[in-house]
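K.L.:
Prediction below, plus the sequence it came from.
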Amino acid sequence: MSTSSSLGKVIWNAVSNHGVNIGLTTYFGIDAYQEARREGSGFLGSAAAAAENMALPMVMPGGLPGYFAFELATSMPSLAIDFYKAQRDYRRKLGVEQRHKAFQSASFQDTQMTYTMRQAAMAIAQRSRYNTQAAMLGQEAQYMLK
């Protein structure tokens, strides 16, 4: 009785391990096929890529762990480059956002008096701008012919 139960366990372990392998390799094949089709490959090229990715885990030394190590090793350079580009783009975005903010690192202690003074200064600057515009009105031709 123990021989048949141990044989059953061995068979069950073999079937379950192969089931996982078959499931994963099928997933790898379908994923490779879809990716090749998205990249513009034809049916035969995509099918060849799928067959390669389905067969590779079975023939590699180490089986699936060896395949995962191979995939990780081959994808690390592109992942590192993508990470670098994302960081660079993020730094540029922050730089652009901060470039157009006046007094970005200043913190003002606003009181009623400083608020009033700032409003008065803004009013003076606005009047100066209007005075310059009024002085130039009617004299555009004189400035254009110089």
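P.N.:
Thanks, I have the structure now.
K.L.:
Spell out the residue ranges of the helices in the chain.
P.N.:
2-38, 43-59, 63-99, 112-136, 140-144 (DSSP state H).
K.L.:
ok, Ala49 - contacts?
P.N.:
Ala32, Tyr33, Glu35, Ala36, Ser41 (Cβ atoms under 8 Å, 6 or more residues apart in numbering). Using the backbone N, CA and C atoms, a C-beta is placed for each residue, glycine as well.
K.L.:
got JSON lines for those residues, with neighbour count, distance to Met117 and pLDDT too?
P.N.:
Converted to JSON lines, the contacts of Ala49 look like this (neighbours: other Cβ atoms under 10 Å; distance: Cβ to Cβ, whole Å; pLDDT from 0 to 100):
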{"residue": "Ala32", "neighbour count": "20", "distance to Met117": "69", "pLDDT": "88"}
{"residue": "Tyr33", "neighbour count": "21", "distance to Met117": "71", "pLDDT": "92"}
{"residue": "Glu35", "neighbour count": "14", "distance to Met117": "65", "pLDDT": "90"}
{"residue": "Ala36", "neighbour count": "19", "distance to Met117": "69", "pLDDT": "92"}
{"residue": "Ser41", "neighbour count": "15", "distance to Met117": "70", "pLDDT": "88"}
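K.L.:
Which residue lies nearest the spatial centre of this structure?
P.N.:
Ala86 (5.7 Å; Cα atoms, centre = their mean).
K.L.:
roughly how far apart are that one and Phe68?
P.N.:
Per Cβ to Cβ, to the nearest Å, Ala86 is found 24 Å from Phe68.
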